[in-house]
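**Student:** Pasting a predicted model and its sequence here:
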Number of protein chains: 2
Amino acid sequence: MPTLTCVSCGKTYPLATGLRCSCCNEPLEIRYESLKPPARIKDEPCFITRNANIFPWSDLRPELSLGEGATPLLEAPNLQQETGLNFLYLKNETANPTWSFKDRGTALGVQAAVRFGLRAIGTVSSGNMAASIAAYAARAGLAAYIFVQENMPAVKIEPIAIYNPCLYRGIGDYGQLYFNALRWGEKHGIYFISSDNPFRVEGQKTVAFEILDQLNYQQLDYIIMPVSSGGNMAGVIKAVEEMEKMGLIKTAPQVIGVQAEGCCPIYKAAAEGKDQIEHFGQPNTIARAISNPIPPSGNRILRKVQQGRARIVAVSEKEILAAQSFLAHQEGLFVQPAGAVPVAAIRKLAREGSLKPSDKIAAILTGSGLKDTSVLAQHRLKFNQVPVDKLEQALC
Amino acid sequence: MPTLTCVSCGKTYPLATGLRCSCCNEPLEIRYESLKPPARIKDEPCFITRNANIFPWSDLRPELSLGEGATPLLEAPNLQQETGLNFLYLKNETANPTWSFKDRGTALGVQAAVRFGLRAIGTVSSGNMAASIAAYAARAGLAAYIFVQENMPAVKIEPIAIYNPCLYRGIGDYGQLYFNALRWGEKHGIYFISSDNPFRVEGQKTVAFEILDQLNYQQLDYIIMPVSSGGNMAGVIKAVEEMEKMGLIKTAPQVIGVQAEGCCPIYKAAAEGKDQIEHFGQPNTIARAISNPIPPSGNRILRKVQQGRARIVAVSEKEILAAQSFLAHQEGLFVQPAGAVPVAAIRKLAREGSLKPSDKIAAILTGSGLKDTSVLAQHRLKFNQVPVDKLEQALC
């Protein structure tokens, strides 16, 4: 039987709703006695069925799936040309059912909730996770409890509220809400599928399995992705380690996590050689989807950095905006600012020489540009205002 | 060699940039001497390569693809329960690279432009088509000319402008712009990949091929989809006829096109037994993506209705809003109003008894709900404003 195991002290727990170790308050992760490779994308279209071998249960309910996963892996010819990198793929996670990577984790989290007999799931989020939780709860016939900040504008709340969750704007100290929510959840039977919930992490790990599947398990040097709370990145590191263990690949690629300089607690701790995350203070970045100032899986990522499995870089606001623009202008891909940070990092690392032309790289683009259109005002977007009868002369 | 053939008089033209018949001004479509089935999704992940057999050229450039197609086909358990229909699938076209069905047609249109040696593509659109054209042009290194209406708000323009097209707000008679644009396009080498461009239609037809592939070519009674200009629906009808001709299916499913009552020129002409579309007048519907008052492929659809290949229904604003809500609340799928009209029609036709429990049905959900969030104000979306320290008591 798989167990829940503390990622720090190794204490084990049965497979249940526990989220963190009672001894060291670090996250729990699912460990398996033995693992078999997932089915190939070409052989099994359903996410749930395809990944049964790398999930803790094999008898899941495919009808709760919304068709997540099997997202496109595209070459990036124009980015390759600019950076001189010869082997560079982009994993487009905006093609998921709620247009972000979160759907992979929610898809398994909702299975866990149903399995544990819970009638409600929840999250504290104002973005991708909230929409994903609300959508999958709707599909599964569960209640969804979503806590958002009091100042969240209607334009961001409504696309979550349309799925009909119980939606609360919490007036007051939102920071405290995360921890209170977990406590209330336990008391009232609401399963909080937060960013580093062990089942969410198992769902998130599928993105790395898919990238390698799509590349026919050829050797890859780096997977580059955004990192905020650390749950998604922990899932990707877990995936490449599992693939190495199973012999699907010879050597696990290093996972490069990218933060915004305006909120980079993991980068800061790693750069200073610390083994504990400190509160970053007030986040200040357009990449709002990755602005967790005190990442709950931060220490876990730091340990992976120390082991050489991972590396963290930080990019500036200017670099993020430029990467968002480059992706749309040159590759035809419109991602939210957080989704553009891996490309900002690739451009920077290639310029500095830390990525070599022969390196084999895949980057994960996490969420759709339609998720946060307010940032677009910061690009100086061109358009022409022309009387219809003068249009022909105006054609540039 | 495939030809361009007038859908009305049958006059043939060589495979080139012509869009309409010089005799009768009806659209041209691509006809083949012989056809072979496309590859199966499981055997070939790339849209361009997979569909080469059903496209006019087999030596296309896969690197211009953005990973369109192979979108999820999902059962709709809650909609089935409500309507009593036993076999009902939803094709989620919001999982395309620019989050709408248009990407299929643009993907082939851009190949045609490159093949014909043109340096620019264009469209007159304020929505899904504009974003799709701008994105694929960016990928292919072509210029894109996008004409939008003068009163289009920044929140709708910016997600198109981010791909860096030449974007023009035409001040004055926008209705005339469509025809002027085609003329200027010919003169200045801009290839307008409008809604019923013959190559776009060939790209659009792939959605029906995919639905049948995903259902292992079992018999289907109806494909239900939105219809506006008629190009996409013409593609789907063409696809089911081609599948019948090739023996992939025994009998082509009937294609049911759905319009909003607030703009239903094809429905009106069909109901009145006419064989020519008339201008509908001022559109008045929340389903803005399907509000073409004078559909350029309308007559072509009418002929298919007369042949029994197709049928047109209209739904009310209230039914559209209710369907959008139902899809999000019950199935976890958030689509734009135009994307919800097939579900509005299914509920209506099931209620009226025109769809029987044993009918086998697939519906096409054309575009993401994030494309038009202004309509959300019309749903009375619930959320609670609660002080953080009172939140626990407030949990419903």
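**Tutor:** Received it, and whenever you're ready, just let me know what you need.

**Student:** mind listing the strands for the stretch 251-396 of chain A?
**Tutor:** In the stretch 251-396 of chain A, the strands defined using DSSP state E, counting those that start in this stretch lie at A:254-260, A:310-315, A:360-365, A:384-387.

**Student:** Which among those is found nearest to chain B?
**Tutor:** strand A:384-387 (4.7 Å; C-beta to the nearest C-beta). The way it works is simple: take the backbone N, C-alpha and C, and place the C-beta from them, glycine included.

**Student:** Give me the helices and strands touching that closest one, please.
**Tutor:** On a contact count with 3 or more C-beta pairs under 8 Å, 6 or more residues apart in numbering or on different chains; DSSP states H and E, strand A:384-387 meets strand B:166-171.

**Student:** how distant is the strand it packs on from the center of its chain?
**Tutor:** 24 Å (C-alpha atoms, centre = their mean, to the nearest Å).

**Student:** Alpha carbons of it, as PDB, please.
**Tutor:** Only the C-alpha atoms of strand B:166-171 are listed here, as PDB (Å, rounded to 0.1, in the frame of the first residue of the first chain):
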ATOM      1  CA  CYS B 166      -1.300  45.600 -37.600                       C
ATOM      2  CA  LEU B 167      -4.600  46.400 -35.800                       C
ATOM      3  CA  TYR B 168      -7.000  49.000 -37.200                       C
ATOM      4  CA  ARG B 169     -10.100  50.400 -35.600                       C
ATOM      5  CA  GLY B 170     -12.200  51.400 -38.600                       C
ATOM      6  CA  ILE B 171     -14.200  54.500 -37.900                       C
END
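
**Student:** Any part of that strand near chain A?
**Tutor:** Yes - interface with chain A: strand B:166-171 contributes B:166-171 (C-beta under 8 Å from any C-beta of the partner chain).

**Student:** Save the strands of the stretch 251-396 of chain A as a markdown table, and put in mean pLDDT, distance to residue A:351 and mean neighbour count too.
**Tutor:** Shown next, in a markdown table, are the strands of the stretch 251-396 of chain A (pLDDT from 0 to 100; distance: least, C-beta to C-beta, whole Å; neighbours: other C-beta atoms under 10 Å in any protein chain shown):
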| stretch | mean pLDDT | distance to residue A:351 | mean neighbour count |
| --- | --- | --- | --- |
| strand A:254-260 | 98 | 15 | 27 |
| strand A:310-315 | 98 | 12 | 24 |
| strand A:360-365 | 98 | 15 | 25 |
| strand A:384-387 | 85 | 34 | 14 |
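
**Student:** Turn those strands into CSV, columns for distance to residue A:247.
**Tutor:** Formatted as CSV, these follow (distance: least, C-beta to C-beta, whole Å):
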stretch, distance to residue A:247
strand A:254-260, 19
strand A:310-315, 22
strand A:360-365, 19
strand A:384-387, 58
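
**Student:** Report the buried residues of stretch A:25-39.
**Tutor:** A:26-32, A:38-39 (16 or more other C-beta atoms under 10 Å in any protein chain shown).

**Student:** That one: how far from the chain's middle?
**Tutor:** Relative to the chain's own centre, stretch A:25-39 is displaced by 18 Å; criterion: C-alpha atoms, centre = their mean.

**Student:** cool, stretch A:188-199 as well?
**Tutor:** Its chain's average C-alpha position is 16 Å from that of stretch A:188-199, according to C-alpha atoms, centre = their mean.

**Student:** Now the residue most central in space within chain A: which helix or strand?
**Tutor:** Geometric centre of chain A, nearest residue: residue A:232, 4.5 Å, by C-alpha atoms, centre = their mean. Per DSSP states H and E: residue A:232 is located in helix A:231-246.

**Student:** other SSEs contacting that helix?
**Tutor:** With 3+ C-beta pairs under 8 Å, 6+ apart as the test, helix A:231-246 has helix A:102-115, helix A:198-204, helix A:206-214, strand A:222-226, strand A:254-260, helix A:298-306 packed against it.

**Student:** closest one to residue A:383 among those?
**Tutor:** Among these, strand A:254-260 comes nearest to residue A:383, with 28.4 Å by C-beta to C-beta.

**Student:** so what secondary structure elements neighbour the closest one?
**Tutor:** Using 3+ C-beta pairs under 8 Å, 6+ apart, the elements in contact with strand A:254-260 are strand A:222-226, helix A:231-246, helix A:265-271, strand A:310-315, helix A:337-352.

**Student:** Show residues contacting the third one.
**Tutor:** By that I understand helix A:265-271. Defining contact as C-beta atoms under 8 Å, 6 or more residues apart in numbering or on different chains, one finds that helix A:265-271 is touched by A:227, A:230, A:257, A:259, A:275-280, A:292-295, A:298, A:301-302, A:305, A:311-314.

**Student:** Now the buried members of the residues you listed.
**Tutor:** For the contacts of helix A:265-271, a neighbour count by 16+ other C-beta under 10 Å gives the buried set as A:227, A:230, A:257, A:259, A:277, A:280, A:292-293, A:295, A:298, A:301-302, A:305, A:311-314.

**Student:** quick one, what contacts residue A:182?
**Tutor:** Applying C-beta under 8 Å, 6+ apart, the residues near residue A:182 are A:19, A:192, A:194.

**Student:** What remains of the residues you listed if I keep only buried residues?
**Tutor:** The buried subset of the contacts of residue A:182 (16+ other C-beta under 10 Å) comprises A:19, A:192, A:194.

**Student:** right, and out of the residues you listed, which lies closest to residue B:343?
**Tutor:** For the buried ones among the contacts of residue A:182, the residue nearest residue B:343 by C-beta to C-beta is residue A:192; the value is 31.4 Å.

**Student:** Any figure for the gap between residue A:195 and chain B?
**Tutor:** 20 Å (C-beta to the nearest C-beta, to the nearest Å).

**Student:** didn't that residue look like it was pressed against residue A:232?
**Tutor:** Yes - using C-beta atoms under 8 Å, residue A:195 is in contact with residue A:232, at 7.2 Å.

**Student:** Just the pLDDT at residue A:155, thanks.
**Tutor:** For residue A:155, the model assigns a pLDDT of 86.

**Student:** Could you list which residues are in contact with it?
**Tutor:** A:374, B:373.

**Student:** what's the distance between it and residue A:126?
**Tutor:** Computed as C-beta to C-beta, to the nearest Å, the residue A:155 to residue A:126 distance reads 12 Å.

**Student:** now do residue A:44
**Tutor:** On the measure of C-beta to C-beta, residue A:44 and residue A:126 end up 35 Å apart.

**Student:** For these two, work out which one has more neighbours and name it.
**Tutor:** residue A:126 (22 against 16; other C-beta atoms under 10 Å in any protein chain shown).

**Student:** Might you enumerate the residues of the stretch 251-396 of chain A proximal to chain B?
**Tutor:** So the stretch 251-396 of chain A meets chain B at A:324-325, A:328-334, A:368-371, A:373, A:376-377, A:379, A:381-389, A:391-392, A:394-396 (C-beta under 8 Å from any C-beta).
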